[in-house]
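Asker: What shape does this take:
(chains A and B)
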Amino acid sequence: MPSNTEGLRVTVDGDLPPEVLNSVADAVRQAALERIAELDLSPHLREWPLAEPPESMPEAARVDGILDPLRPFLGIILKPDAVE
Amino acid sequence: MTTRDRSELACPSSMCSPGNLLFGIIRPDGRVVALQPPLPVTQTFADKASAAGRRPPEARFRFAGPCVTSDCLHWKDERCGLGDAVARTAESRGPAAKVAHCAIRPSCRWWHEQGGSACQVCPRIAHTEAPIAEA
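Answerer: Residues are numbered from 1 along each chain as shown, chains lettered A, B, ... in the order given. Okay, here's the model as predicted:
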């Protein structure tokens, strides 16, 4: 079994034609993708301010004041709630 | 900027769309673990990852896709404003550490514009927590 710091490598032994090996590789990739699609490991996140708001601002307002309903749309910086 | 055509650069915070690359999985501690090599997103994967009852794939994974430049709300002054913000965040954290290997770096918009600064913070970034609105 791989340790938690390693990936998983699949090896197919045998003198097989390249097209067969490619087919096996495609099947392995597809199976991995299907399993990965079900993963939900990440913590619940909230937006992390790109620029720190004033310390004097109440915590709730500091968060809400940063969130913009329209932006950002593509990519926001988040941090786990747990590290609050 | 290198000689690479800017239009060829990839967004490292793209969406779960067929043809994009799945290059990271967000771990329970919020860090992104890189897939080596990245896997192309298929329609089957996109459908399954976006199935009802699941959090959006962009909250659980990282995807790379073509940078859409001015079609993105982050595009500012002919560059990626999000990449700028990411780099500023990295610089506010102090001296840069060695950056990890990244399969998309050669074509990454943030790398081309910010160098290793963006790479310092990139593994702590998720695209979104909320479902993506239809364009």
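Asker: Please identify the residues of chain B in proximity to chain A?
Answerer: By C-beta under 8 Å from any C-beta of the partner chain, the residues of chain B that approach chain A are B:11, B:13-15, B:22, B:25-30, B:36, B:39, B:42, B:44-45, B:48-49, B:54-55, B:57, B:59-61, B:72-74, B:82, B:85-86, B:88-89, B:121, B:124-129, B:133. C-betas here are computed from N, CA, C, even on glycine.
Asker: buried subset of the residues you listed?
Answerer: B:11, B:13-15, B:22, B:25-26, B:30, B:42, B:45, B:48-49, B:55, B:57, B:59-61, B:72, B:74, B:82, B:85-86, B:88-89, B:121, B:124-129 (16 or more other C-beta atoms under 10 Å in any protein chain shown).
Asker: tell me which residues in the strand ranked longest in chain B are buried?
Answerer: Of all segments of type strand in chain B, defined using DSSP state E, the longest is strand B:32-40. Using 16+ other C-beta under 10 Å as the burial criterion, the residues of strand B:32-40 that qualify are B:Val32, B:Val33, B:Ala34, B:Leu35, B:Pro38.
Asker: Count the neighbours of the closest residue to B:Cys108 other than its chain neighbours for me.
Answerer: Distances taken as C-beta to C-beta, 6 or more residues apart in numbering or on different chains place B:Pro12 nearest to B:Cys108, at 5.2 Å, with adjacent residues excluded. Neighbourhood size, B:Pro12 [other C-beta atoms under 10 Å in any protein chain shown]: 32.
Asker: I'd say B:Pro12 and B:Arg62 touch.
Answerer: Yes: assessed by C-beta atoms under 8 Å, B:Pro12 is found in contact with B:Arg62 at 7.1 Å.
Asker: shared neighbours, these two?
Answerer: Residues within reach of B:Pro12 and of B:Arg62 at once, by C-beta atoms under 8 Å, 6 or more residues apart in numbering or on different chains, are B:Phe23.
Asker: Now the residue nearest to B:Cys108: phi and psi?
Answerer: phi -90, psi 10 (degrees, to the nearest 10).
Asker: check contacts around it.
Answerer: Counted by C-beta under 8 Å, 6+ apart, B:Pro12 has contacts B:Phe23, B:Arg62, B:Ala64, B:Ile104, B:Cys108, B:Arg109, B:Trp110, B:Cys122.
Asker: dump the residue contacts of the last one.
Answerer: This points to B:Cys122. Taking C-beta under 8 Å, 6+ apart, one finds B:Pro12, B:Val32, B:Val86, B:Cys102, B:Trp110 in contact with B:Cys122.
Asker: May I have the phi/psi pair for B:Asp71?
Answerer: phi -80, psi 0.
Asker: What about it, how many residues nearby?
Answerer: 9.
Asker: ok, now A:Gly7?
Answerer: Neighbour tally, A:Gly7, other C-beta under 10 Å: 9.
Asker: Also B:Val68?
Answerer: What B:Val68 shows, counting by other C-beta under 10 Å, is a neighbour count of 13.
Asker: Helix or strand for the closest residue to it other than its chain neighbours, just tell me which one.
Answerer: The shortest distance from B:Val68 to any non-neighbouring residue, by C-beta to C-beta, 6+ apart, is to B:Cys11 (7.2 Å). Secondary-structure assignment from DSSP states H and E places B:Cys11 in strand B:10-14.
Asker: Pretty sure B:Gly24 sits against B:Arg62.
Answerer: Yes: using C-beta under 8 Å, B:Gly24 is in contact with B:Arg62, at 3.4 Å.
Asker: Done for today, thanks.
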